[in-house]
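Enquirer: Have a look at this prediction, sequence included:
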Amino acid sequence: MSTQTRMQVDSTTIQKYSSYGASMTFSASGKPIRAARVIALAALLLCATAPPVLAEAENLRAQTLVIGKVSDSPRKHFTRLKPMVDYVGKKMRDLGITRTRVLMAKNNAQMIRYLQQGKVDWVTETLFSSILFEQQAGAEIILRKWKKGVPGYHTVFITRKESDIHNLEDLKGKRLALEDPGSTTAFYIPAGILQEAGLELELLSNPRQHPAPDKVGYAFAKGEINIATWVHKGLADVGAYNNLDWNTPDHTPPVFKKDLRIFHRSSDLPRGFELVRPGLDTSIKQRLIEVLKNTHRDAAAEAVLNAYQQTAKFDEISAETQAILDHVREHSAVARGNLH
């Protein structure tokens, strides 16, 4: 019997009996064979079949442009991202791109793994998540995104008009409504502002809890309109989100807004960024930058940009934006999730 034939017979007839544990295995003839031989045989089978399959998978991956995003609403974000990755992918045919894919991560930690493993090529994110992916996954920030039609935004702290809260120092012993642990303007920025002001934060499991008198309690409302609602209904003393949320009726209904006021604002911050994974082919990266920078000039891409979170355009990282990024990198304790 040839080696190849013997390998095929053994691979289909080898049986392992639990009554003998791992120490004894039997061949088709009933003769015992050592576990080492079984392992060697299995390895031989893998070597004989894996390379072609692996090569095919690697080739398919190289032909696929993958965009990713952290999302707790994957269906919603899929409809926003797929038109854009399809648009860009079509302009990379000469570079070997024949397929596109959207890959969602449930949180930043999962996206970091995707970037490290090369499962995603391109990510769209806000400021702090972008810095986090840069620091922990080696991602590269390539362009600024004019999300919702604007290049920047800032955090606003709101309270009821009749409240005795007028500055940050007044927040000791109070309850702060934030959005979620991944939000730039409704978590990272306000938390960082309070820490820089020397205030200590205390996580509350719900808004009905109260913090220690010398701390600022915070709870996650899971949505901008919930932040406004909590403050308006007295479930929270203060809320923090961005100025666009403050001016959006769906996030701050006029019936609420007339009873609320802003008592503190942060400096302006970049609205969003586009990033690429470490090790992405240089020609793919450069083409991506080129295509995105010119998308707003293409009439055929108007619907694509609108779907892509109402993006007006993409531009290069200016000296001013770079200074903001550098500042965040230097003060990245919050960005690394130390408050979660």
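Expert: Nice, thanks for sending it over.
Enquirer: what pLDDT does the residue nearest the centre of the chain get?
Expert: The C-alpha lying nearest the average C-alpha coordinate of the chain belongs to Val70 (Cα atoms, centre = their mean; 3.2 Å). If you check Val70, the pLDDT there is 94.
Enquirer: same check, this time on Pro181
Expert: The confidence metric pLDDT takes the value 89 at Pro181.
Enquirer: Check the one 3 residues further on too.
Expert: Residue-level confidence at Thr184 comes out at 90, pLDDT.
Enquirer: what sits against it?
Expert: If you count contacts by Cβ atoms under 8 Å, 6 or more residues apart in numbering, Thr184 has them with Thr126, Leu127, Phe128, Ser129, Leu269. Placement of C-beta: from N, CA and C, glycine included.
Enquirer: what's the most distant pair in the residues you listed?
Expert: Among the contacts of Thr184, the pair separated by the greatest distance (Cβ to Cβ) is Ser129 and Leu269, at 12.7 Å.
Enquirer: Between these two, which is the more surrounded one?
Expert: Set side by side, Ser129 and Leu269 show more neighbours around Ser129, with 25 against 22, by other Cβ atoms under 10 Å.
Enquirer: I figured that one was touching Asp180, is that so?
Expert: No: in this structure, Ser129 is not within contact of Asp180 by Cβ atoms under 8 Å, at 11.7 Å.
Enquirer: residues contacting the spatially closest residue to Gln309 that is not a sequence neighbour?
Expert: Once flanking residues are discounted, Gln309 sits nearest to Lys147: 5.0 Å by Cβ to Cβ, 6 or more residues apart in numbering. Remark: with contacts taken as Cβ under 8 Å, 6+ apart, Lys147 is in contact with Arg271, Gly272, Gln309, Gln310, Thr311.
Enquirer: do the same with Ser163
Expert: Residues counted as contacts of Ser163 (Cβ under 8 Å, 6+ apart) are Asp237.
Enquirer: next one: the one 5 residues further on
Expert: Remark: with contacts taken as Cβ under 8 Å, 6+ apart, Leu168 is in contact with Phe157, Ile193, Leu194, Ala197, Leu199, His264.
Enquirer: at 6 Å instead, please
Expert: Contacts of Leu168 were listed using Cβ atoms under 6 Å, 6 or more residues apart in numbering, and they are Ala197.
Enquirer: Against Tyr153, how distant is it?
Expert: Distance of Leu168 to Tyr153, computed by Cβ to Cβ, to the nearest Å: 20 Å.
Enquirer: ok so, going back, out of the contacts of Thr184, list just those in helices.
Expert: Among these, the members falling in helices are Leu127, Phe128, Ser129 (criterion: DSSP state H).
Enquirer: which one among the residues you listed gets closest to Leu81?
Expert: Closest approach to Leu81 among those (Cβ to Cβ): Ser129, at 15.3 Å.
Enquirer: what number of residues lie near the residue nearest to the closest one when sequence neighbours are not counted?
Expert: Nearest non-adjacent residue to Ser129, counting by Cβ to Cβ, 6+ apart: Asn108, 5.9 Å away. A count of neighbours around Asn108, defined by other Cβ under 10 Å, yields 21.
Enquirer: can you map out the strands along the stretch 101-250 of the chain?
Expert: 122-125, 140-145, 152-153, 155-160, 175-178, 200-203, 215-220, 238-242 (DSSP state E, counting those that start in this stretch).
Enquirer: Can you name every helix or strand that the shortest one contacts?
Expert: Using 3 or more Cβ pairs under 6 Å, 6 or more residues apart in numbering; DSSP states H and E as the contact test, no helix or strand touches strand 152-153.
Enquirer: looking at this, Thr311 is in a helix?
Expert: No: for Thr311, which was evaluated using DSSP: H, G, I helix; E, B strand; the rest coil, the result is coil, with no helix membership.
Enquirer: Would you mind confirming that it is in contact with Ala303?
Expert: No: the pair formed by Thr311 and Ala303 falls short of the contact definition of Cβ atoms under 6 Å, at 11.6 Å.
Enquirer: In terms of packing, which of the two has more residues around it?
Expert: Applying other Cβ under 10 Å to Thr311 and Ala303 shows that Thr311 carries more neighbours, namely 25 against 11.
Enquirer: If we ignore the residues flanking it in sequence, what's nearest the more buried one?
Expert: Excluding the flanking residues, the one nearest Thr311 by Cβ to Cβ, 6+ apart is Leu305, at 4.8 Å.
Enquirer: Quick one: neighbours of that neighbour, just the number.
Expert: Under the neighbour criterion other Cβ under 10 Å, Leu305 is assigned a count of 22.
Enquirer: The helix or strand hosting Asn294: how far from the chain's middle?
Expert: Following DSSP states H and E, one finds Asn294 within helix 282-294. Centroid displacement of helix 282-294 relative to its chain, using Cα atoms, centre = their mean, to the nearest Å, is 21 Å.
Enquirer: Repeat that for stretch 288-297.
Expert: Between the mean C-alpha position of stretch 288-297 and that of its chain there is a distance of 22 Å (Cα atoms, centre = their mean).
Enquirer: again with stretch 177-188
Expert: For stretch 177-188, the gap between its own C-alpha mean and the chain's C-alpha mean amounts to 14 Å (Cα atoms, centre = their mean).
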